[in-house]
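*Asks:* Below is the sequence, then the predicted model.
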Amino acid sequence: MKQVSQNYRTGQIKLEDVDLPALKRGGILVRTHYSVISAGTEGMKVKEGKMSYLGKARARPDQVKKVLNTLRQQGFVATYQKVMNKLDSLTPLGYSLSGEVIAVSDGAEEFQVGQRVACAGAGYANHAEINFIPKNLAVPIPANVSIKHAAFATVGAIALQGYRQAEMQLGETACVIGLGLIGQLLVQILRAGGIHVIGVDLVKTRCELATKLGATAAMTPDEPSLISNVKRLTRGIGVDCVFLAAGGSSNAPVKLVVDIARDRARVVDIGKMKLDLPWNDYYLKELDVRFSRSYGPGRYDPTYEEQGIDYPIGYVRWTERRNLSSFLELVAENKVQLDLIASSIRQFSEAEQVYQEMAEGKGNVLGTVFEYTVDNEKVERNRYHISSTTTLNPTTTGKVRLGVIGAGNYASSMLLPHLQKNDDVELVAVATTTSLSAQNAFRKFGFLTASTDYKEILDNKDIDAVIIATRHSSHAGLVAEALRSGKATYVEKPLALNAHGLELVRQAIVDSGNDRLMVGFNRRFAPLAKEISQCIQGKYFPLMLHYRVHAGQLDRGSWYLDSAEGSRFVGEAGHFFDLMSYLVGSRPISVIALSLRPEKLSHDDLENVAVSVQYEDGSVGNLLYLTQGGVKVPKEYLELFGGGRTVQLNNFESLALFDQDNQKIIKAGRADKGQKSELEALFQAVKTGGPMPIPIESLFDTTLTTLAAIKSVQIGNRVDLATYWDTP
């Protein structure tokens, strides 16, 4: 199928051939009939994409701050790899469309195949022939609303949410500054609510359109009579509410508010614009400044948007989904007219030309809509399968033939670049759930095929090994499937989120006889970790280890905050427990853990915790896993004591070795946490048939240690690993 993509590094916008998106639980596949171009949001992305790196940084200071925090914690090389991977990735455009349902998954049974729907959501309602849409981002289209007009539902919901934030009453007067697409819709919504409307825009033709759509008056800001007309139309008191629906870097609209608003008026910001409030003027009028967040409550909440969990209507009357439906009802009742707004209909095949015109400032059209050629044939996945012209002869390559499931930011920045350069590996196939991420990996790393169906990899007899780099909740199930398919399997940590998942993996090993398993515990393969191991090689004494990890605060909206996906502690702690076990050289036998707020512990969510691990040889490893410290603190610090020696490892950048007489300092050229060496060891084992790099019992021990730490906090007592699965 075809989908519009943008490479943010180069700014190039292209109509890509991509695979059909995967149908996931709680959603639907929608064949697009129309999608709306947002001149504001998408125009900003097009403009930023053409900027230099410095220009991009100035345009997104929020992202620069994140990069600097990552740099302080993880070092230059890791930060550079992550940033360049993000920049040089294909990203989707679009967020408002209409179409028909072609497939329904479990959990979304309220929809039916063939049903007309309007869909919302950046990253979901893309400019693409077919999209996966979570159920809370789709609504049925009323029978008397055309499918073309329904494509505007998301943009209309943005305007409607701004109206709700203003809490206006019948008979009041509003001024809409910025009569672009959202502004024109807002004018009509306000009129439908019994509000008198005055419009302001730099473009005279937009002012004329606003009056046709119901505005009492509409003027350009340079008209001398603007202020006097507002006073005349409001009987001298000023407008009750001002809607800032403009964009750009000018502060003029903010200043205009002071001249036209009444005392204690409301100001609602809808567009992305400069807001340098003149404090004294706003203070003297006691203006009430409010923000309107996108389509309404639920936006940016993964629990609502991705998991489909609705807010109770008694507590949240107007969610984003209810706003979508409400806007379509206004259209159905002819209270919102869209024929004059949908002023440019372009074929989807012209997408690249349309965005080129946008970048050049041509065709300043209010509402451009892509029209899709609808193919009513039954959708077949292999019809959209991407493959290169290269063929693989499985009998002569002499390499490990690899399939990769999942190609997110970590895999694309920390794993796949090493695999691409590894002479022992043939990158055969990649599978992801989203169309562009599969295409992105195919393009960047030279896979022979790419799709959104991971079963193609597991069913492919020419593939020797599989790397699983998906979200945590899928790991145990995918590992079990991969092992049963007879493939050597590498999975990014964690191996499992709970004892049930671990048992699923164990049973797969028993049933298949395939124990060729590796988990991405890469710290033990780091050069400085090997230096420590050599320092204590042949020890006959127990060790005491202290491992301090400052993980830092998670960004709002991070999928780590979704307990169904597994917490960050479950995902990361295995690294640290595995390194301690490797250095100790003995199996863990018990765990006791304390958390700052155990009474607030939910499921496997754990942070600011102290974990003590007892080993068979008497060694003790202490892990401090922290999130509330200063952002400039390096992420990892390890101290080891035993046999008259002390070792200090500082964030894998430097190592200090002390004995009774000497001190030795080793500095790494860069922070190397062992990913490359780990993968080399893995593929050497697969290629030669030798032992896997980490013994299978150690993989299970590390996972059990992580899960036992959570259990220990929950029950307030020590947990013995030998009896963990039997612990109630």
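*Replies:* Everything's here; your move.

*Asks:* Parallel or antiparallel, which strands does the lengthiest strand in the chain pair with?
*Replies:* Ranked by residue count, the top strand of the chain under DSSP state E comes out as strand 27-37. Here strand 27-37 has these sheet partners by DSSP bridges: strand 96-104 (antiparallel), strand 130-134 (antiparallel), strand 368-371 (antiparallel).

*Asks:* now, of the ones you listed, which is deepest in the fold?
*Replies:* For the strands paired with strand 27-37, the largest average neighbour count (mean count of other C-beta atoms under 10 Å) is found in strand 130-134, namely a mean of 25. The C-beta positions use only the backbone N, C-alpha and C, and glycine is treated the same way.

*Asks:* so what secondary structure elements neighbour the helix or strand just after it?
*Replies:* Once strand 130-134 ends, the next helix or strand along the chain (criterion: DSSP states H and E) is strand 138-140. Applying 3 or more C-beta pairs under 8 Å, 6 or more residues apart in numbering; DSSP states H and E, one finds that strand 138-140 contacts strand 116-120, helix 320-332.

*Asks:* what's in contact with strand 138-140?
*Replies:* 28, 30, 111, 115-120, 153, 321, 324-325, 328 (C-beta atoms under 8 Å, 6 or more residues apart in numbering).

*Asks:* since we're on the spatially closest residue to A482 that is not a sequence neighbour, how many residues are nearby?
*Replies:* Spatially, and ignoring its direct neighbours in sequence, A482 is nearest to T489 (4.2 Å; C-beta to C-beta, 6 or more residues apart in numbering). Close neighbours of T489, defined as other C-beta atoms under 10 Å, add up to 28.

*Asks:* which residues in the stretch 251-400 of the chain form helices?
*Replies:* Secondary structure of the stretch 251-400 of the chain (DSSP state H, counting those that start in this stretch): helices at 252-260, 279-285, 302-305, 320-332, 351-359.

*Asks:* Could you look over these and pick the most buried one?
*Replies:* Most buried among the helices of the stretch 251-400 of the chain, counting by mean count of other C-beta under 10 Å: helix 320-332, with a mean of 22.

*Asks:* What is that one packed up against?
*Replies:* Right, helix 320-332 is packed against strand 116-120, strand 138-140, helix 147-150, helix 153-166, helix 181-192 by 3+ C-beta pairs under 8 Å, 6+ apart.

*Asks:* Now tabulate the ones you listed in TSV and tack on distance to Y637.
*Replies:* Converted to TSV, the helices and strands packed on helix 320-332 look like this (distance: least, C-beta to C-beta, whole Å):
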stretch	distance to Y637
strand 116-120	45
strand 138-140	48
helix 147-150	56
helix 153-166	46
helix 181-192	50
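
*Asks:* Would you reformat those as JSON lines and include mean pLDDT and mean neighbour count?
*Replies:* Output for the helices and strands packed on helix 320-332, formatted as JSON lines (pLDDT from 0 to 100; neighbours: other C-beta atoms under 10 Å):
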{"stretch": "strand 116-120", "mean pLDDT": "98", "mean neighbour count": "26"}
{"stretch": "strand 138-140", "mean pLDDT": "98", "mean neighbour count": "24"}
{"stretch": "helix 147-150", "mean pLDDT": "97", "mean neighbour count": "22"}
{"stretch": "helix 153-166", "mean pLDDT": "97", "mean neighbour count": "27"}
{"stretch": "helix 181-192", "mean pLDDT": "97", "mean neighbour count": "26"}
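
*Asks:* so which of those comes closest to A529?
*Replies:* strand 116-120 (47.5 Å; C-beta to C-beta).

*Asks:* and the end-to-end length of stretch 308-319?
*Replies:* Taking C-alpha to C-alpha, to the nearest Å, stretch 308-319 runs 12 Å from one end to the other.

*Asks:* So which bits of it are buried?
*Replies:* The neighbour-count check on stretch 308-319 (16 or more other C-beta atoms under 10 Å) flags G308, Y311, W318, T319 as buried.

*Asks:* In those residues, find the pair that's most separated.
*Replies:* G308 and W318 (17.8 Å).

*Asks:* ok, V36 to I341 distance?
*Replies:* The gap separating V36 from I341 is 10 Å, by C-beta to C-beta, to the nearest Å.

*Asks:* For those two, list the residues in contact with both.
*Replies:* By C-beta under 8 Å, 6+ apart, the residues touching both V36 and I341 are F152, L181, G367.

*Asks:* Now render those as TSV, adding distance to A681.
*Replies:* Output for the shared contacts of V36 and I341, formatted as TSV (distance: C-beta to C-beta, whole Å):
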residue	distance to A681
F152	55
L181	55
G367	57
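
*Asks:* closest to G296 among the residues you listed?
*Replies:* Closest approach to G296 among these (C-beta to C-beta): F152, at 15.7 Å.

*Asks:* Could I get the contacting residues of the closest residue to G566 other than its chain neighbours?
*Replies:* Closest residue in space to G566, ignoring its immediate chain neighbours: H472 at 3.5 Å, by C-beta to C-beta, 6+ apart. With contact set as C-beta under 8 Å, 6+ apart, H472 has these partners: P494, L497, E565, G566, V570, G571.

*Asks:* cool, S677 as well?
*Replies:* By C-beta under 8 Å, 6+ apart, the residues touching S677 are N522, F525, A526, P527.

*Asks:* wait, is it part of a helix?
*Replies:* Yes - counting by DSSP: H, G, I helix; E, B strand; the rest coil, S677 is part of a helix.

*Asks:* and it, how far is that from H418?
*Replies:* In this view, S677 and H418 are 9 Å apart by C-beta to C-beta.

*Asks:* go on, V570?
*Replies:* V570 is 25 Å from H418, by C-beta to C-beta.

*Asks:* Tell me which of the two has more neighbours.
*Replies:* In this view V570 and H418 are compared by other C-beta under 10 Å, and V570 has more residues nearby, 26 against 15.

*Asks:* so where's this structure shaky on pLDDT?
*Replies:* Per-residue confidence for the chain (pLDDT under 70) gives these ranges: 49-78, 80-87, 363-364, 376-397, 555-563, 597-605, 725-728.

*Asks:* now, which of the contacts of S677 lie within strands?
*Replies:* Reading strands off the contacts of S677, I find no matches (DSSP E).

*Asks:* do you know how far A668 is from E223?
*Replies:* 66 Å.

*Asks:* Looking at the two, which has the bigger crowd around it?
*Replies:* Using other C-beta under 10 Å as the criterion, A668 and E223 rank with A668 on top: 17 against 13.

*Asks:* wait, what's in contact with the more buried one?
*Replies:* P527, L528, F652, E653, S654, L655.

*Asks:* same thing but at 7 Å, please
*Replies:* By C-beta atoms under 7 Å, 6 or more residues apart in numbering, A668 lies in contact with P527, L528, F652, E653, S654.

*Asks:* What of A192?
*Replies:* L330, K335.

*Asks:* ok, now G642?
*Replies:* So G642 contacts I536, K539, F541, P542, L543, M544 (C-beta under 7 Å, 6+ apart).

*Asks:* Then G238?
*Replies:* By C-beta under 7 Å, 6+ apart, G238 lies in contact with V230, I260, A261, R262, A265.

*Asks:* Apart from its neighbours in sequence, what residue is nearest the second one?
*Replies:* Nearest in space to I260, with sequence neighbours left out and distances taken as C-beta to C-beta, 6+ apart, is V230 at 4.6 Å.
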